[in-house]
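A.B. asks: only the shape, not the letters, is given here:
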């Protein structure tokens, strides 16, 4: 059973990202503030959920959350500042878009670039421990997958609708055959 909060503060926001290890596409991040009574049975780390379950949970989170926001950092930004800094940038953008100002940021992982005014706590494996981080995990993953499916329609050779830009054999074979696109992360080892 996931915990509802780390600090006990009602406006604690969970933060997570998706797409950090991809060869193509933006990195997405989400920030979510949940009501204290939000405890759906199937909420979990998005990697532990089926695509269908994630979509259903996304709908429920968007309807029930006190506040939520999703943001991204582009492949150009990733190339310019590196993937870790781009992930933090996307998280900061998501926090800035929240309709309610959180009192604390609960971040999945072991590092974070401190926010100018909000305290934070990093939790390794937090998406499997806290509801607000798990909810952020679901939103970041589903919104990113949706974007990669849209891009797959424009660039059908790479299989992004299935691999979401991750380094699968099919994706790498397509890079070998067709070359990289403007959406590929040129600072990454593509082959």
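C.D. replies: That came through fine. What you are looking at is a predicted structure, and each value in this text was computed from that prediction instead of being measured.
A.B. asks: mind checking how far residue 86 is from residue 111?
C.D. replies: Distance, residue 86 to residue 111, by Cβ to Cβ, to the nearest Å: 13 Å. Quick note: C-beta positions are derived from backbone N, CA and C, even for glycine.
A.B. asks: helices of this structure, start to end?
C.D. replies: 51-64, 75-81, 83-97, 131-154, 160-163, 169-178 (DSSP state H).
A.B. asks: more neighbours: residue 86 and residue 111, which one.
C.D. replies: residue 86 (26 against 10; other Cβ atoms under 10 Å).
A.B. asks: the more buried one and residue 191: what is the separation?
C.D. replies: 22 Å.
A.B. asks: which one of the helices of the chain lies closest to residue 116?
C.D. replies: Ranking the helices of the chain by their distance to residue 116 (criterion: Cβ to Cβ) puts helix 83-97 first, at 8.9 Å.
A.B. asks: residues in contact with the closest one?
C.D. replies: 13, 15, 17, 20, 26-31, 69-73, 77-78, 81, 102, 105, 107, 111-113, 115, 118, 185, 188 (Cβ atoms under 8 Å, 6 or more residues apart in numbering).
A.B. asks: any idea of the angle it forms with helix 131-154?
C.D. replies: Using axes from the mean of the first three to the mean of the last three Cα atoms, to 10 degrees, one finds that helix 83-97 and helix 131-154 are set 110 degrees apart in direction.
A.B. asks: which parts of helix 83-97 are buried?
C.D. replies: 83, 84, 86, 87, 88, 89, 90, 91, 92, 93, 94, 95 (16 or more other Cβ atoms under 10 Å).
A.B. asks: check the offset of that helix from the chain's centre.
C.D. replies: Mean C-alpha position of helix 83-97 versus that of the full chain (Cα atoms, centre = their mean, to the nearest Å) differs by 10 Å.
A.B. asks: repeat for stretch 85-100
C.D. replies: 11 Å.
A.B. asks: how about stretch 163-172?
C.D. replies: 18 Å.
A.B. asks: and stretch 164-183, by the same measure?
C.D. replies: So, by Cα atoms, centre = their mean, the centroid of stretch 164-183 is 21 Å from its chain's centroid.
A.B. asks: heads up, I number from 22, so please use that
C.D. replies: Fine by me, first position is 22 from now on; the one you just mentioned is stretch 185-204.
A.B. asks: what pLDDT, on average, does it get?
C.D. replies: Here stretch 185-204 scores 95 as its mean pLDDT.
A.B. asks: ok, residues contacting that stretch?
C.D. replies: 40, 42-46, 96, 165-166, 169, 172, 176, 178-181, 183-184, 205, 207, 211-212.
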